[in-house]
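Asks: please work out how this folds:
(chains A and B)
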Number of protein chains: 2
Amino acid sequence: MEGERIELLSGVEDHHGGVVVDVQDPMDSTLFSSILQASIYKWSQQGKKGVWIKLPIQHSNLVDPAVKAGFRYHHAEPDYLMLVRWIPDTPDTLPANASHRVGVGAFVINNNKEVLVVQETGGKFRGTGVWKMPTGAVNEGEDLCEAAIREVKEETGIETKFVEVLAFRQSHKSFFEKSDLFFVCMLQPQSFDIQNQASEIEAAKWMPVEDYAAQPFVQDNELFDFIRKICFSKLDGNYNGFSNVLTCTSSGKKTYLYFNNRDASLSLASKEDQA
Amino acid sequence: MEGERIELLSGVEDHHGGVVVDVQDPMDSTLFSSILQASIYKWSQQGKKGVWIKLPIQHSNLVDPAVKAGFRYHHAEPDYLMLVRWIPDTPDTLPANASHRVGVGAFVINNNKEVLVVQETGGKFRGTGVWKMPTGAVNEGEDLCEAAIREVKEETGIETKFVEVLAFRQSHKSFFEKSDLFFVCMLQPQSFDIQNQASEIEAAKWMPVEDYAAQPFVQDNELFDFIRKICFSKLDGNYNGFSNVLTCTSSGKKTYLYFNNRDASLSLASKEDQA
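Replies: As a prediction, this is how the structure comes out:
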C-alpha cells in the first residue's frame, strides 16, 4: 500500500537563507497545523534560517495554529499579518519592524512677511485659539518634500514649492511604543488665496510673523521657540538648511538626498578653483 | 427569574473618543465572540469612535473572533497584535501605523586623514572586498546621535563623539512595504585602537581617505559619490550639517532638535548686535 502524501507549504527564498510563504487560499486550521509541522521539518533539513508567513486577514483562522507552531508576530498592516520563526539554533538576526512615524511641518511665508497658519478642529490645540503651521503625517511611500506640499494644499488650498528642511526632531513613545521624526520645512508660496480646507482644519490665514511669534504657546515651549528662531534666521537670509536632490542608487532606485547645498557647492567650487 | 449577566470588555478611554482594551486573561474564543458583540453594542450606544484591542500573542486564539467581529489589524510587535474597529458611520480618522525604519552611517576620521571602515560578513557587499562606513539600524526608542555612537563601538571598538548629521536620504519599499530614512553622521574619534568586532563585521581598519574614495563602489554609485563629496567638503571645513541640541516640549518630554547651529548662532548674534 502506498502512503498518502500531503503537499507542503511552498515559499519563495529570500537573500538571507530564509523563505517567505504567502498563504493565498483558505485552509482548514487543523490541516494547516499538520502541513506547517511537516514544512518546518523540511525547512530545518534544508538549513533554512528565517521562515516568514504572510497571512491575509481573511485567513485569520490560521494565526492561532502558526503561533502554536512557534511563530511570532513580526508586523501587521490593515489587510495582513506577517509571522516569523527562526529555525536554527543560532542567534536570531531577523530585521526589526518599522520603528518610526514621520511628520512634516510647513513654514510658508509671503512677501508681506506673513506666515501661513491654521487652527485645528481636534487634538491638543482644539479650542485653544492657537494658530500653528500646517503639519501632517508623511504617508507610506511618500517623499517628505512632497508630503509638506500636499499637507499645505489640503489644509489651506495654497500651492507651494519645497525649499529646505530647516530642522528636525526625533521623539520617542509618541504613539504606542513607536518613535517619531518631525521635519520642519520651508516652502515658497505659489498662490495666495486661501481656499479649501480639510475637515481637521477650523480656519486658515496669513498672519504677521510678529503676531505668530508673540503667541504664548510659541514662547513658553522651548522646542517651538527654537524652531521659531530657526525659521526667523532663515527669513533674515543667514540660515541654510538641507535642500533636496534626486539621486539614483546602484540598483536604479530613485532617492532624495537632503543636504546643505550652499556649503557643498562652495566647497566643490573652491576645489575646482584650486585645480 | 433574574437574567444572567455577562461581564463586558473593559477598556481605557483615549483622547480621541476611543477606547483601548488590553486583553490580559485567557478566554475561550466562543465566549470572547459573545462578549465582544455585546461590548461593541455598548460602545456604539456610548458614541465611541475607534475601538482598539491589544491581544498578547498567548491569546492568539482570539484573533479570528475579533476579525469576524469586524476588527482589522493595525500593527503587531513580537509579543502582541493590535486590532482596531471604527464604530460610527463617519470616515475613519485612525492614525497610521509606523511607516519608516531609520538607519545611521558613521563618517569617523582621525588626524591622519584616515576614515574608519569595515567589511561586512553578510548582505550585498559580502565577499566584494568593499570597505564601507559603519552603518546600522536605529533601535526603537533610541536617539539617532546615540545609535551612531553605538554602532561604531559595536563594529570597531572605537569610542566616538557625535558631531553632526551631514545629510540624509529617504527611500521607499526598502523592507516589505516600508520606507527608510538614513542619516549620514560625522563622529569624532575618542580612541584609536580597533578592538572588538560584532559578528556581522569581517574586518575593520583606518583607511586613507583617498583609498576610500577610489573604490569603484563609491565612484560608480551616484548617491554614494554625493555622500563622499559632502563628507570631504566637511573635512575641508567648508560644510555645515545639522548638530543636535537637547530641548524640552511643553509636556516635559526631552527631545533632540537637529539644525544648522553655526548659521542659527550667526543669525542670533547679528540680531543682538543690532539691538
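Asks: from chain B, how far out is residue A:97?
Replies: According to Cβ to the nearest Cβ, to the nearest Å, residue A:97 and chain B sit 7 Å apart. Using the backbone N, CA and C atoms, a C-beta is placed for each residue, glycine as well.
Asks: could you pull up the residues touching that residue?
Replies: A:74, A:75, B:76, B:77, B:98, B:101 (Cβ atoms under 8 Å, 6 or more residues apart in numbering or on different chains).
Asks: show me the two of the residues you listed that sit farthest apart.
Replies: B:76 and B:101 (15.3 Å; Cβ to Cβ).
Asks: picking that back up, among the contacts of residue A:97, which ones are in helices?
Replies: Among the contacts of residue A:97, none falls in helices (DSSP state H).
Asks: which ones among the residues you listed map onto strands?
Replies: Residues of these located in strands (DSSP state E): A:74, A:75, B:76, B:77, B:101.
Asks: bridge partners for the last one, pull those for me.
Replies: In this structure, residue B:101 has the following beta-bridge partners (DSSP bridges): residue B:180.
Asks: run a quick neighbour tally on it.
Replies: By other Cβ atoms under 10 Å in any protein chain shown, the residues close to residue B:101 number 21.
Asks: quick check: it vs residue B:147, distance?
Replies: Going from residue B:101 to residue B:147 by Cβ to Cβ, to the nearest Å gives 12 Å.
Asks: residues shared between the contacts of those two?
Replies: residue B:137.
Asks: next one: residue A:176, what pLDDT does it get?
Replies: Here, the pLDDT recorded for residue A:176 equals 69.
Asks: does residue A:117 count as helix, strand or coil?
Replies: strand (DSSP: H, G, I helix; E, B strand; the rest coil).
Asks: count of neighbours near it?
Replies: Neighbour tally, residue A:117, other Cβ under 10 Å: 20.
Asks: repeat for residue A:8
Replies: So residue A:8, with other Cβ under 10 Å, has 15 neighbours.
Asks: pretty sure it is touching residue A:35, no?
Replies: Yes - judged on Cβ atoms under 8 Å, residue A:8 makes contact with residue A:35 at a distance of 6.4 Å.
Asks: if I've got this straight, residue A:83 is in a strand?
Replies: Yes - under three-state DSSP, residue A:83 falls within a strand.
Asks: so what's residue A:92 up against?
Replies: Here residue A:92 is in contact with A:50, A:86 (criterion: Cβ under 8 Å, 6+ apart).
Asks: quick one: residues contacting the residue nearest to residue A:117 when sequence neighbours are not counted.
Replies: Leaving aside its sequence neighbours, residue A:117 sits nearest to residue A:131 (Cβ to Cβ, 6 or more residues apart in numbering or on different chains; 3.9 Å). Residues counted as contacts of residue A:131 (Cβ under 8 Å, 6+ apart) are A:117, A:118, A:119, A:205, A:207, A:212, A:215.
Asks: ok, and the most crowded of the residues you listed?
Replies: residue A:118 (27 neighbours).
Asks: that one pairs with what?
Replies: Counting by DSSP bridges, residue A:118 is bridged to residue A:132, residue A:204.
Asks: that one contacts residue A:125, correct?
Replies: No - the pair residue A:118 / residue A:125 is not scored as a contact, 9.6 Å apart, by Cβ under 8 Å.
Asks: quickly list what's touching both of those two.
Replies: In contact with both residue A:118 and residue A:125: residue A:132, using Cβ under 8 Å, 6+ apart.
Asks: contacts for stretch A:153-161?
Replies: Counting by Cβ under 8 Å, 6+ apart, A:106, A:108, A:116, A:118, A:134, A:136, A:148-149, A:152, A:187-198, A:200-201, A:204 sit against stretch A:153-161.
Asks: looking at these, which are in helices?
Replies: Checking the contacts of stretch A:153-161 against DSSP H, those in helices are A:148, A:149, A:152.
Asks: which one of those sits closest to chain B?
Replies: residue A:148 (12.3 Å; Cβ to the nearest Cβ).
Asks: for the closest one, what are its contacts?
Replies: A:104, A:105, A:106, A:160, A:162, A:183, A:185, A:187.
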